[in-house]
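Visitor: for reference, the sequence and a predicted model appear below.
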Amino acid sequence: MDEFILRPLAAGIGMAAISGPLGVFVVWLRMAYFGDTLAHSALLGIALGLLFDVDLQLSVLVLAVLIAAALLVLQHRSALATDTLLGILAHGALAVGLVAISLRSDIRVDLLAYLFGDILAVSTRDVGLIWLGALLGLGALAAIWKPLLNLTVHADLAAVDGVRVGRTRLAFMVLVALVIALAMKLVGVLLITALLIIPAAAARRLSAGPETMALVATAIGATAVAAGLAASLVLDTPAGPSIVATATVLFLLSQIRSLP
Amino acid sequence: MTTDVLIRGQGLGVRVGGRELIHDIDLTLERGRIVTVIGPNGAGKTTLVRVALGLIKPSTGRLERVPGIRIGYMPQRLVLPESMPLTVRRFLALSDADDQAMAQTASELGVDHLLANPIQRLSGGEMQRVLLARALLGNPDLLVLDEPVQGIDVNGQAELYRLIVDLRDERGCGIMMVSHDLHLVMAATDEVLCINQHLCCSGHPEAVSRHPAYLDLFGALDTNTLAVYTHHHDHAHDLHGDVVKDGEHGHG
């Protein structure tokens, strides 16, 4: 095996390491649409990054955090349901992003690369960045694991027990934003949420406890990356979609098993 | 501590977005005393509970709380997504209790045989007992129980109320309870606060049950539930203690 395949493989497995444990919470907290919203807003982050000439992953991360903060404020102040607010933020950010990119005629942007990603094109630096981000993210998640689990079970009960609910929730949202900034290059903004929820959902029937489910989700995610990359080489199909398609097949297979 | 008072609230009011949920409610919670809050739907019972728990700040009035008191909270219901694998044991362990305390509390409440079960598979009565066990695990000075008998049949309700009285007797903790039915909870309470946004009447349960403000709110239900109350009252006096134990084993 040469570097051409080793780099994407290392990047994808690094991604699975953080998206598995984070994804189980996205599934438990029913936040799939929240993940989608941050992913869509990533396009605005890319536009702003290009306009102001800053690192794209950094601008995506910052913008995703801002969108998460905007959601918290709107939830507090608005009479609208969360899914409506998410829809407004997601499509508003996406549209503004597309408009902003078009304003600079001197910038040629390959939109497809951002929408679907290009895991085969990752550099050694990208791989290092993904692993650094994944390890930092895992450390942060480990630090908030217990309070986050508590508030997932029952927010008021957790608060009475001394959990700082608002702070923990915000930290979790920032971690999701981090994963989106990291995953953008690999599978693109349209498929990022898939990396969070499909391995986690597939892990459900194979797990009897929360921690097991997080680990199994990572294992399934890593398997999907490896098998998806292999399939894309053999069949000459796009890598990102091949990985997500493989994860979907693994999810369907997991449904054969009954609930533990 | 020189006094048994745990929480004292005076003139408590909560306003959210211009709407007054509760106003002018006095509340005193003491060690060894059971205070029951009753009221119709939308009366603000849960709001008052959330104020007592410190989850929301009162917009008006004063709330004093003895510093450092431990509160055990039993929420109205716990609905875990099916997607979350969580056994009863793991749920109870979230309280940071050690294994010994957990085993002891679980057997006290008759849920020790359920520890390995997924929490989503519990029946209504089993769930309430598990939630009560969770509330007790922090060794609380004050128990706050929001509709503790929800989803339980009438016999089970009487049994759970007896259990709550026993817990008060054994542990000497203060208890704040929410109920929608005065007659069922009558034998298990020292004081009743009847609220409908404001405090309608309060005092000894027998007195509240005859109070005009109470009859205004609940009068129509009165004759229906009186028979249930009398029946329950007989049981509590004749077979106090033994019956609870039998019931627990019967459930297992």
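Guide: Everything's here; your move. This structure is a prediction, so every number in the text was calculated from the model and none was measured.
Visitor: any stretches of the chain with poor pLDDT?
Guide: The chain I'm using is chain A. Counting by pLDDT under 70, chain A shows low-confidence ranges at A:1, A:259-260.
Visitor: looking at chain B here, not the other one
Guide: B:1-3, B:219-252.
Visitor: looking at the stretch 101-250 of chain A, what residue ends up closest to chain B?
Guide: Closest residue of the stretch 101-250 of chain A to chain B, Cβ to the nearest Cβ: residue A:160 (4.2 Å). Every C-beta, even on glycine, is put in place using the N, C-alpha and C of the backbone.
Visitor: let me see the contact set for the residue lying closest to that residue once chain neighbours are set aside.
Guide: Closest residue to residue A:160 apart from its sequence neighbours, by Cβ to Cβ, 6 or more residues apart in numbering or on different chains: residue B:73 at 4.2 Å. Contacts for residue B:73 (Cβ atoms under 8 Å, 6 or more residues apart in numbering or on different chains) come out as A:156-157, A:160, B:53, B:135, B:143-144, B:146.
Visitor: just to revisit the earlier point, residues contacting the residue of the stretch 101-250 of chain A closest to chain B?
Guide: B:53-55, B:71, B:73, B:144.
Visitor: and residue B:151, that's in a helix?
Guide: No. Counting by DSSP: H, G, I helix; E, B strand; the rest coil, residue B:151 is not part of a helix but coil.
Visitor: around it, how many other residues sit close by?
Guide: Number of residues near residue B:151 (other Cβ atoms under 10 Å in any protein chain shown) recorded here: 14.
Visitor: check the one 10 residues further on too.
Guide: When neighbours are counted by other Cβ under 10 Å, residue B:161 registers 24.
Visitor: again with residue A:181
Guide: 26.
Visitor: and the helix or strand harbouring residue A:87, what's buried?
Guide: Per DSSP states H and E, residue A:87 falls inside helix A:82-103. By neighbour count on 16 or more other Cβ atoms under 10 Å in any protein chain shown, the buried set for helix A:82-103 is A:85-90, A:92-94, A:97, A:100-101.
Visitor: packing partners of the helix or strand where residue A:251 lies?
Guide: Applying DSSP H and E as the criterion places residue A:251 in helix A:239-254. For helix A:239-254, the elements it packs on are helix A:165-187, helix A:192-203, helix A:210-235, judged by 3 or more Cβ pairs under 8 Å, 6 or more residues apart in numbering or on different chains; DSSP states H and E.
Visitor: just the ones you listed: most buried one?
Guide: helix A:192-203 (a mean of 28; mean count of other Cβ atoms under 10 Å in any protein chain shown).
Visitor: near chain B, which residues of the stretch 1-150 of chain A show up?
Guide: A:27-28, A:30, A:146, A:149-150 (Cβ under 8 Å from any Cβ of the partner chain).
Visitor: need those in TSV (columns: neighbour count).
Guide: Shown next, in TSV, are the residues of the stretch 1-150 of chain A next to chain B (neighbours: other Cβ atoms under 10 Å in any protein chain shown):
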residue	neighbour count
A:27	22
A:28	23
A:30	11
A:146	14
A:149	21
A:150	21
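Visitor: nearest to residue A:195, of these?
Guide: Residue A:195 has its nearest neighbour among the residues of the stretch 1-150 of chain A next to chain B in residue A:27, at 12.4 Å by Cβ to Cβ.
Visitor: OK, contacts around the nearest residue to that closest one once chain neighbours are set aside?
Guide: Leaving aside its sequence neighbours, residue A:27 sits nearest to residue A:200 (Cβ to Cβ, 6+ apart; 4.5 Å). Going by Cβ under 8 Å, 6+ apart, residue A:200 touches A:20, A:23-24, A:26-27, A:213, A:217.
Visitor: please apply the same query to residue A:153.
Guide: Taking Cβ under 8 Å, 6+ apart as the criterion, residue A:153 is in contact with B:78, B:80, B:84, B:86, B:91, B:94.
Visitor: again, 7 Å this time
Guide: B:80, B:91, B:94 (Cβ atoms under 7 Å, 6 or more residues apart in numbering or on different chains).
Visitor: can you check residue A:144 too?
Guide: With Cβ under 7 Å, 6+ apart, residue A:144 has these contacts: A:168, A:171-172.
Visitor: work out for me the element it sits within.
Guide: helix A:124-153.
Visitor: now that helix: how far from the chain's centre is it?
Guide: Distance of helix A:124-153 from the chain centroid (Cα atoms, centre = their mean, to the nearest Å) equals 12 Å.
Visitor: quick check: angle from it to helix A:165-187?
Guide: 140 degrees (axes from the mean of the first three to the mean of the last three Cα atoms, to 10 degrees).
Visitor: could you say which helix or strand holds the closest residue to residue A:193 other than its chain neighbours?
Guide: Excluding its sequence neighbours, the residue lying closest to residue A:193 (Cβ to Cβ, 6+ apart) is residue A:35, at 4.2 Å. Taking DSSP H and E as the definition, residue A:35 sits inside helix A:32-52.
Visitor: need the next SSE after that helix, C-terminal direction.
Guide: Following helix A:32-52 in sequence, per DSSP H and E, is helix A:56-77.
Visitor: what's the closest of the contacts of residue A:144 to residue B:128?
Guide: Checking the contacts of residue A:144 against residue B:128 with Cβ to Cβ, the nearest one is residue A:168 at 27.1 Å.
Visitor: I'd assumed residue A:149 was in contact with that closest one.
Guide: No. Judged on Cβ atoms under 7 Å, residue A:168 makes no contact with residue A:149 at a distance of 9.9 Å.
Visitor: hey, what's in contact with both of these two?
Guide: Common neighbours of residue A:168 and residue A:149 (Cβ under 7 Å, 6+ apart) do not exist.
Visitor: quick revisit: can you flag which of the contacts of residue B:73 belong to helices?
Guide: Judged by DSSP state H, those include A:156-157, A:160, B:53, B:135 as members of helices.
Visitor: and the stretch 151-260 of chain A, which residues reach chain B?
Guide: Counting by Cβ under 7 Å from any Cβ of the partner chain, the residues of the stretch 151-260 of chain A close to chain B are A:153-154, A:156-157, A:159-161, A:204, A:207-210, A:213, A:260.
Visitor: contact partners for residue A:189?
Guide: Counted by Cβ under 7 Å, 6+ apart, residue A:189 has contacts A:39-40, A:42-43, A:114-115.
Visitor: what about residue A:105, which SS state?
Guide: The assignment at residue A:105 comes out as coil when based on three-state DSSP.
Visitor: count the residues that sit near it.
Guide: 6.
Visitor: and it, its phi and psi?
Guide: Recorded main-chain torsions at residue A:105 are phi -70, psi -20, according to degrees, to the nearest 10.
Visitor: swap in residue A:107?
Guide: The phi/psi pair for residue A:107 (degrees, to the nearest 10) is phi -100, psi 120.
Visitor: do the same with residue A:30
Guide: The phi/psi pair for residue A:30 (degrees, to the nearest 10) reads phi 50, psi 50.
Visitor: per-domain residue ranges of chain B.
Guide: B:1-70+B:147-163+B:175-245, B:77-139 (automatic domain parsing).
Visitor: adding distance to residue A:7, write the ones you listed out as CSV.
Guide: Listed next are the domains of chain B as CSV, based on distance: least, Cβ to Cβ, whole Å:
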stretch, distance to residue A:7
domain B:1-70+B:147-163+B:175-245, 49
domain B:77-139, 34
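Visitor: and those domains as CSV, adding distance to chain A?
Guide: Compiled in CSV, the domains of chain B are given as follows (distance: least, Cβ to the nearest Cβ, whole Å):
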stretch, distance to chain A
domain B:1-70+B:147-163+B:175-245, 5
domain B:77-139, 5
